[in-house]
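Peer 1: Just a sequence and a predicted model for now, questions to come.
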Amino acid sequence: MKVPFLDLKAQYNSIRDEIENAIQQVLDNTAFAGGPFVAKFEEEFASFCQCKFAVGVSSGTSALWLVLSNLGIGPGDEVITTPNTFIATAEAISFCGATPVFVDIDEHTYTLNPELLERSITPKTKAIIPVHLYGQTADMDPIIEVARAHGLFVIEDACQAHGAEYKGHRSGSIGDAGSFSFYPGKNLGAYGEAGAVVTNNAEMAEKIRMLRDHGQSKKYYHSIIGSNARMDGIQGAVLSVKLKHLNIWNEARKKNAQLYHDLLADTPYVITPLEADYARHVYHIYAIRIQDRDALISTLVEKDISCGIHYPIPIHLQDAYKFLGYQKGSFPVTELCAEQLVSLPMFPELTQEQVEMVCREIKCFLGS
Ligand SMILES: Cc1ncc(COP(=O)(O)O)c(C=O)c1O
């Protein structure tokens, strides 16, 4: 039996007719760039996120960058985030001309450690981007408390956390704005590139609508300098179809996660993910920690089981960010996790037999 890391085809097959019908409608209406299908999805996604506004954009990276640039963050400013994230979080800060400042993660949730936050704030700090990694939100209350005390914006990187909750609040609705990616492999994935900004701030939503569309609110009247970061119509239509299934898919992920937890519970040397008391984890990624990670992956690959590593090199040690001057040892928890984390197959359509096989092979590898 083969166990893929992700199976987008299985999901497509389960909604094929709905998707093809939705795409056909976009074609019939030639509503390709922005337009009514994007507007419809924006309304639905805002409501899903318990927010007043959603603005559909071209990717999660542009969603982050548009929020930062809307806040006027630029050269000379610092923005705090963690080094244990996809590089896009830091890139968005860099695109604005600002400097990313990293804070290490909590060893159990792999998200920004609020206890380390305050000491990294300087007079140049303008914002904090907690990353809701693997489908679980960061511990937002203490982060927001520090941010408010220092007059900083909080932008949630919710690119891996569609439908995740913090104390009952949906990800994206907790800070000043939330940024989402709909990259195809996400819990809510487009059939191409797409992203969204969600916020309760009408002024911010309006300005981001302009920024994503060359700074215009009326065609060819450009009041600010913007860019082309629009969502395309086909993605809007596909996402509307898929959003209706998201709760069920997230529940299926949670069920698979529970099965992994149960089967790996008493396995020595394996640290399974923690669902924090405050969280509804939606398991975009199910990452375990194990010392001999690379050998485990090779063994699983031999058995036709695909795994991932999120992420093998922390951002502060990437060549692209050498200029920031961080060293090995700067963020010990992130660095330890980068050596030990392995992401097991996780998607809604994963079967019980597949999860059982993965756990069996892990135990066999460990000789337990
Ligand atoms: C945490 C995080 N932030 C930002 C992004 C960027 O999203 P996109 O690939 O849609 O630009 C991703 C995508 O993988 C992500 O996982």
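Peer 2: Thanks, I have it.
Peer 1: Stretch 336-353: end-to-end distance?
Peer 2: 31 Å (C-alpha to C-alpha, to the nearest Å).
Peer 1: Tell me the buried residues in it?
Peer 2: The neighbour-count criterion (16 or more other C-beta atoms under 10 Å) identifies 337-338, 340-350 as the buried residues of stretch 336-353. (C-beta placed from N, C-alpha, C; glycine too.)
Peer 1: Now for these: which two are most distant?
Peer 2: Using C-beta to C-beta, the two most remote members of these are 338 and 349, lying 29.0 Å apart.
Peer 1: one step back: from the buried residues of stretch 336-353, which land in strands?
Peer 2: 341-344 (DSSP state E).
Peer 1: Turn those into TSV, including distance to residue 367 and pLDDT.
Peer 2: As requested, those are exported to TSV (distance: C-beta to C-beta, whole Å; pLDDT from 0 to 100):
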residue	distance to residue 367	pLDDT
341	21	98
342	18	98
343	23	98
344	19	98
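Peer 1: how about those residues in JSON lines, adding distance to residue 175?
Peer 2: Shown next, in JSON lines, are those (distance: C-beta to C-beta, whole Å):
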{"residue": "341", "distance to residue 175": "26"}
{"residue": "342", "distance to residue 175": "30"}
{"residue": "343", "distance to residue 175": "26"}
{"residue": "344", "distance to residue 175": "30"}
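Peer 1: pLDDT weak spots in the chain?
Peer 2: Across the chain, nothing is flagged by pLDDT under 70.
Peer 1: Around the ligand, which positions in it sit nearby?
Peer 2: 59-61, 85-86, 88-89, 131, 157, 159-160, 181, 183, 195 (C-beta under 6 Å from any ligand atom).
Peer 1: of the buried residues of stretch 336-353, closest to the ligand?
Peer 2: Nearest to the ligand among the buried residues of stretch 336-353: residue 343, at 12.1 Å, using C-beta to the nearest ligand atom.
Peer 1: I'd like to know which elements the longest helix anywhere in the chain is packed against.
Peer 2: As assigned by DSSP state H, the longest helix anywhere in the chain is helix 8-29. In terms of contacts (3 or more C-beta pairs under 8 Å, 6 or more residues apart in numbering; DSSP states H and E), helix 8-29 is packed against helix 36-48, helix 233-243.
Peer 1: Now do it against helix 36-48, angle only.
Peer 2: 130 degrees (axes from the mean of the first three to the mean of the last three C-alpha atoms, to 10 degrees).
Peer 1: Same question for helix 8-29: list its buried residues.
Peer 2: By neighbour count on 16+ other C-beta under 10 Å, the buried set for helix 8-29 is 11, 19, 22-23, 26.
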